[in-house]
Every structure is written in structure tokens, then in C-alpha cells.
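> got a predicted structure here, sequence first:
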Amino acid sequence: MKLSYIKTMAIAVVAAFGLTACDDFLDKPTEDNYVGDNYYETDEQCYAGINYLYNSPWYDFLRGYFEVGEVLSGNLIMGDSPYLTFTLNGTDQDLVNMSNSLWSEIAHCSTVYNYIKNSPASEAAKNDCMGQILTLKALAYFYLVRGFGDIPIIHDNTEALKSDYNSAQKVKRADVYEYIVMTLEKAMELLPKSPRDPGRIDYYCAEGLLAKVYLTKAGVKGTLDQTDLDKAAQYAKDVIDNSGRDLLPVYSDNFRLANNHNQESLIAWQWSCKEGNYTAQNCLQSDLAWSGFDEWNCWGDWRGISFDLQEAFGIKILEQQPDTWINNVDTRLKATMMLPGFTYDYFWQDHQLPDGSGNGFDFLHFIYDKSYNSTAPGEMHSPTCASSVKHLHGDNYDHRVAVGYAPNDQMQSSLATHVLRLADVYLVYAEAKLNGPGSSTTDASAINAYYKVRSRAIKSATKPATLTWEDVWKERRLELAMEGDRWYDFVRVSYFNPEFCINDLLNQNRKEGYGFDALASEYYTSGTWTVTEGAQGFVTGTPINPAQLMKTDSETGKSYFLIPMPTNDVASNPNLASTVDGIHVDVRNEYSY
């Protein structure tokens, strides 16, 4: 198997601290260089030596994180992106980088795990570190199997390097999920119930991920497996009841730089731009924010939150007045997307708002008012009149106020990327108490879990007497929008109900709009919002075919979503082709930790 990460696997830790971030628990030791097999000697060296596993190997996944998770799923519009039109192929560079990044994380985790396992450090420190490593390794496999379907299992680098990679075979999805479960079970054996440092993975973080894995695994054989659903509910409920964590009272606080290690975050990529280590810093602000949003360079002007996601929040921008979204009762709307009329007190805290009410960021004045923004473009660029809010830290001042230092260049941020939040675990629990599309329940615990999430966002929300699967499906979209997760919801449901997924995607409004500059500029100058037929509307695009990214399982007979393997990898090893089925592996007997 000639994957481009193989070179990394042989030298996984040689330059690890050249990649290590420096923030809170990410502080690196004073050593400038080290060799893995003579470094992990003390407790502190073990803890410091796993820091980079929370950032650098994940770096090249970041674009795939939102292109697969959000564009493919219909939440984000990026022009003629193949992710939007389901025409993605194995030559796409972001897909290639995504694959390499995930395999790199697995390679680094496996190598560091072996170093620490053989370390003379204390058993408590070794167990803690090995548990964190196994959780991150399981997370990488979880992304890989949901993305690419059947995949190889590389359990141990040392043994794997003795094999012929170009003949390695893929493993059936069900067996890969069992391997992930086995890995997380071992992690939970090793991890303490509370973290040594904020932002670290502990027992409940691994358990929360295990609950989500079981919810996904439940449908992999073509029908929902009740035992797996029960396991998902069991593990999720233990996290909810016993982890000591709670949802943050204010939804938007989850995504603020000062709250990188907040109590709701179970697993997060921890970034730092303090020392300018390229792969240790978060680059998403440059990809998603407008040019001029910070002192450096951003290029997200021409991307927009989809009309379909807007409509999921109850917003129909060509039929409603701005008061509808400005006064929307769901606080997640403003925390997810910028719309005309929105202001933010946590961005541009060094800028006075034009109305004199205080300091902050005003979306329309940012676009049209050069006295407020000297680089104001004077034109609404977003193809949907809505831009992303999550993954943005603001300008240099905002960054410095939050963590004490500012970025030194573009594509630099220390904002954590939360990949598993407690709110997700609540919704995993609620869904695990149901039985797929069309099902409903009056189970009080399921309703309470759903309502816990919904009532945080909508203070006036009424607790339902009956909860439907469709209620949870929509709530997951609203709660986790732009967090790289939505496409994977489609993947897991496609395992057992592909028709539901195809119909949902075909009914989305994935189009761009036109004429929004006239609307936005009129609202900026006169406060009126007048939609004129023919002047504003949706661009007619080519019909989409989500089934292009589906494969029929030879055992279940059902089609499920997957993205293509990188072309270069398939050319080196034809066993990796999407048309080739994986083999069955008894992972419990084949592998051990």
C-alpha cells in the first residue's frame, strides 16, 4: 500500500517538537531536538511528548474538515466546488491532504504509543498518555471509515513496515468499527476520570466518542442493531450523568478563543500560533472570513452559508424582512452565520460600533463603511448573503485579549476546533432511544436530552410530549452546523436508509443567489429591504446526483455514501479502489494493545 503518509510512519517522532504548539498544557520542554527512543524517560516528557498529537498531524485535514463536513452536506456554498455538486474525485488535492493527514495522525499515535509503553516513567503517567493517544487514533480511524468506507487497518507501524504496503487490503467497515470500539475501550481502561490539564482527553471524553461510534456502527450491516443503539445510549448517559460537565449557558461561548478548554468540549484540536510553528496553528479564519476581517489576509468573501441551512433556521432571505433574522429566537443562528443587520460584541473589540452603542463588529458597515473599515469592499460578495461565524477569532486585538498574544501572519489562530461537544453526546443519547426515520418515543430521558440542547439555544422552547427521529435529525444540524459533522450524519444514516438521505439531499437548496448587493446596500443606506422579482433570485445550476458518491454493499445490498480514495494511492495499490470490497478481519483476535 503506497500511501504518501508511509514516509512519515518510519520517522513519526523524529521532529515532533518542531511541530509542537505552546499554549497552556501544550508547553514544550526546553530540549531543541530529541530522538524518540531516548526522550520519553520521565512523566513530564511523556506528557509533553504527546502535545503535538492534538494539532500538527491534523493540520492538512482542516480544509477537508469543512469541505466534506459542510459543503458536501449542503451547509456551505463554495462556487463550483466538486463537493457541492457531488463530482468529487480522487485527484482533488484537499481530499488527498485529508487522507494523508488522517493516516499521519494514526502513524504518529502508533509510534509515540510504543515509545511511552516502553518508558520508565510512572504507570499513572504512561496510562494517561497512552489513553489519550488511543482516543486520538480512534478519532482518526472514525473519520477515515466514515469518509472512505472500507479501509486498511495499520495497527502497529513497526510490524507494518515489514510488510508490502502495495498489497495491503482494505477491511470491511463493520470490522473497522469494531477495531475503533476496541481501541476506545482500551483507552477508557487507561484514562483517569478527570484530565491532568485543561483540554486533555479523559475517560469521559473517550466514552463520549465511543457512544457516537456505536450510534454510527448500529446501521453498518444494513439495519439498525438494537444492541449497538443500547450501547450508544448507555455510554452517552454515563457521560451526561457522571462526567461533571454541563453545557455552557451561552451557546456562542463555545467558539470563543478564551474558552478553548471549556467544560462542554470533550475532544478538540488544540492550536497555537504563539511561536509560528506552521502546522500547529489554526488556518480556518483565513479560509472562511472576509478579506479585511483581520490584519493579515482572508479569502472567504465568496463563500456563503447555504440557503438550505438558513431555511432550516426559519430564514427565507428573499421572502422576509431583516427583523425576522435579527430577532430570531434561536441564538445559534447568529453564532453560526453573519446576516445583514447582525453585530457582534466579541469581534473587533477595539473598534467602536457606528451607532456609538459600544465596541464590536457590524457586518454591513464592515462591507460598506470605509470610516469604520478602511478596506471595506463596498459590495456584498457572499453568494447567499450570509457568511460563517464559527472558526473566527476576530482581529489581532481580539486574539491578544483572549490569550495574551496576536498572530504574526495569515492562516494563524490559536482558536481550538471542537470536534466532540457534550451537546453532541446529548443528541446521540436521544437518537439512540429512537429507531431511525419515522420513529418516535415518549421516553422522558430521551426527550430531556433533546430539550437540554434545544432550550439552551431557544429560551422559549417548549418541551415536547413526543420526540421524533426527525426532530433529532434537524436539531443535530442546527446545533452542529459548520462543525465538520453534517456529512457524517448522512453517511451513517445511508448505511441503513439510503433513500432517506438521497431524498433529503435532492430537496436541498444548494444554489447561489444573485442581486444581494443591491438588497444589502439599500438596507445599509435606507433601512429598507425590497426584493424585486428578476433583480434577486437563485442561480439555476446543474441538477445534482448524490448517488454518484454511493457504493452498493455486496452483503447488505444497500448503497451507502463514501468519498473516493486518492487516485495516486489506488494506482500504487489497486486493492484500495472504491470498487474493491474489504476483507473480514476478526480484530479482537488479530490485534491487541
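Happy to help now that I have it. Residues are numbered from 1 along each chain as shown.

> quick check: residue 479 touching residue 331?
No: taking CB atoms under 8 Å as the definition, residue 479 is not a contact partner of residue 331, at 11.2 Å. Where you see a C-beta, it was placed from the backbone N, CA and C, and this is true even at glycine.

> more neighbours: these two, which one.
Neighbour count, other CB atoms under 10 Å: between residue 479 and residue 331, residue 479 has more, with 22 against 15.

> so what's residue 156 up against?
In this structure, residue 156 makes contact with 110, 114, judged by CB atoms under 8 Å, 6 or more residues apart in numbering.

> ok, 6 Å please
Contacts here follow CB atoms under 6 Å, 6 or more residues apart in numbering; on that basis residue 156 touches residue 110.

> do the same with residue 490
Under the criterion of CB under 6 Å, 6+ apart, the contact partners of residue 490 comprise 501, 561.

> would you say it is within a helix?
Yes: according to DSSP: H, G, I helix; E, B strand; the rest coil, residue 490 belongs to a helix.

> what pLDDT does it get?
Residue 490 is assigned a predicted lDDT (pLDDT) of 98.

> relative to residue 222, how far out is it?
Taken as CB to CB, to the nearest Å, the spacing of residue 490 relative to residue 222 amounts to 16 Å.

> same thing with residue 202?
Distance, residue 202 to residue 222, by CB to CB: 35 Å.

> of these two, who's got more company?
Taking neighbours as other CB under 10 Å, residue 202 and residue 222 compare with residue 202 leading, 21 against 16.

> my read: the more buried one touches residue 191, true?
Yes: in this structure residue 202 lies within contact range of residue 191 using CB atoms under 6 Å: 5.4 Å.

> next secondary structure element downstream of the worst-scoring helix or strand of the chain on mean pLDDT?
Every helix and strand in the chain was compared by mean pLDDT, DSSP states H and E; the lowest is helix 6-10, with a mean of 42. Using DSSP states H and E, the helix or strand that directly follows helix 6-10 along the chain is helix 43-49.

> residues contacting that next one, please?
28, 29, 39, 40, 116, 119, 121, 122, 125, 129.

> what residues does the fourth one make contact with?
Read it as residue 40. Each residue near residue 40 by CB under 6 Å, 6+ apart is listed here: 46, 49, 115, 116, 119.

> who wins on neighbours among the residues you listed?
With neighbours defined as other CB under 10 Å, the most crowded of the contacts of residue 40 is residue 49; it has 27 neighbours.

> distance of that residue from residue 124?
From residue 49 to residue 124 the distance is 16 Å (CB to CB).

> find the centremost residue of the chain, please.
residue 484 (3.2 Å; CA atoms, centre = their mean).

> separation between it and residue 145?
Look at residue 484 and residue 145: by CB to CB, they are 16 Å apart.

> low-scoring stretches of this structure, by residue?
By pLDDT under 70, the weakly predicted segments of the chain are 1-37, 159-165.

> the strands in it, which residues?
Using DSSP state E, the strands found in the chain span residues 76-77, 265-269, 304-305, 337-338, 343-344, 361-362, 387-388, 417-421, 440-441, 467-468, 513-514, 537-538, 550-552, 559-561.

> export those to JSON lines and tack on distance to residue 244 and mean neighbour count?
Compiled in JSON lines, the strands of the chain are given as follows (distance: least, CB to CB, whole Å; neighbours: other CB atoms under 10 Å):
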{"stretch": "strand 76-77", "distance to residue 244": "35", "mean neighbour count": "27"}
{"stretch": "strand 265-269", "distance to residue 244": "12", "mean neighbour count": "23"}
{"stretch": "strand 304-305", "distance to residue 244": "34", "mean neighbour count": "28"}
{"stretch": "strand 337-338", "distance to residue 244": "32", "mean neighbour count": "28"}
{"stretch": "strand 343-344", "distance to residue 244": "31", "mean neighbour count": "20"}
{"stretch": "strand 361-362", "distance to residue 244": "35", "mean neighbour count": "24"}
{"stretch": "strand 387-388", "distance to residue 244": "32", "mean neighbour count": "26"}
{"stretch": "strand 417-421", "distance to residue 244": "15", "mean neighbour count": "24"}
{"stretch": "strand 440-441", "distance to residue 244": "27", "mean neighbour count": "16"}
{"stretch": "strand 467-468", "distance to residue 244": "26", "mean neighbour count": "21"}
{"stretch": "strand 513-514", "distance to residue 244": "46", "mean neighbour count": "17"}
{"stretch": "strand 537-538", "distance to residue 244": "48", "mean neighbour count": "14"}
{"stretch": "strand 550-552", "distance to residue 244": "42", "mean neighbour count": "15"}
{"stretch": "strand 559-561", "distance to residue 244": "36", "mean neighbour count": "23"}
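
> now the closest residue to residue 322 other than its chain neighbours: how far from residue 330?
Ranked by CB to CB, 6 or more residues apart in numbering and with sequence neighbours excluded, the top spatial neighbour of residue 322 is residue 341, at 4.5 Å. Taking CB to CB as the measure, residue 341 falls 16 Å from residue 330.

> what's the answer for residue 143, then?
From residue 143 over to residue 330 (counting by CB to CB), the distance is 28 Å.

> go through stretch 538-551 and flag the buried ones.
In terms of neighbour count (16 or more other CB atoms under 10 Å), stretch 538-551 has its buried residues at 544, 546, 549, 550, 551.

> now stretch 482-502
Residues of stretch 482-502 classed as buried under the neighbour-count rule (16+ other CB under 10 Å) are 482-498, 500-502.

> endpoints of it, how far apart?
Stretch 482-502 has its terminal residues 21 Å apart, counting by CA to CA, to the nearest Å.

> check the offset of it from the chain's centre.
The gap between where stretch 482-502 is centred and where its chain is centred comes out at 14 Å by CA atoms, centre = their mean, to the nearest Å.

> one more: stretch 260-276?
Centre to centre, stretch against its chain (CA atoms, centre = their mean), the figure for stretch 260-276 is 13 Å.

> stretch 412-432 too?
With CA atoms, centre = their mean as the basis, the distance from the averaged C-alpha position of stretch 412-432 to the chain average is 8 Å.

> ok, stretch 261-281 next?
Stretch 261-281 has its average C-alpha position 14 Å from the chain's average C-alpha position, going by CA atoms, centre = their mean.

> so how far does it reach from one end to the other?
Using CA to CA, one end of stretch 261-281 lies 16 Å from the other.

> give me the distance between residue 180 and residue 186.
Between residue 180 and residue 186 the distance, using CB to CB, works out to 11 Å.

> compare neighbour counts for the two and give me the winner.
residue 180 (26 against 18).

> residue contacts, that one?
The neighbourhood of residue 180, defined by CB under 6 Å, 6+ apart, consists of 138, 141, 142, 213.

> and it, how far is that from residue 486?
From residue 180 over to residue 486 the distance is 20 Å, taken as CB to CB.

> swap in residue 477?
As for residue 477, its distance to residue 486 is 6 Å (criterion: CB to CB).

> the closest residue to residue 439 other than its chain neighbours: how many residues sit nearby?
Sequence neighbours aside, residue 469 is the residue nearest to residue 439 in space, at 4.8 Å (criterion: CB to CB, 6+ apart). The burial count assigned to residue 469 is 20, neighbours taken as other CB under 10 Å.
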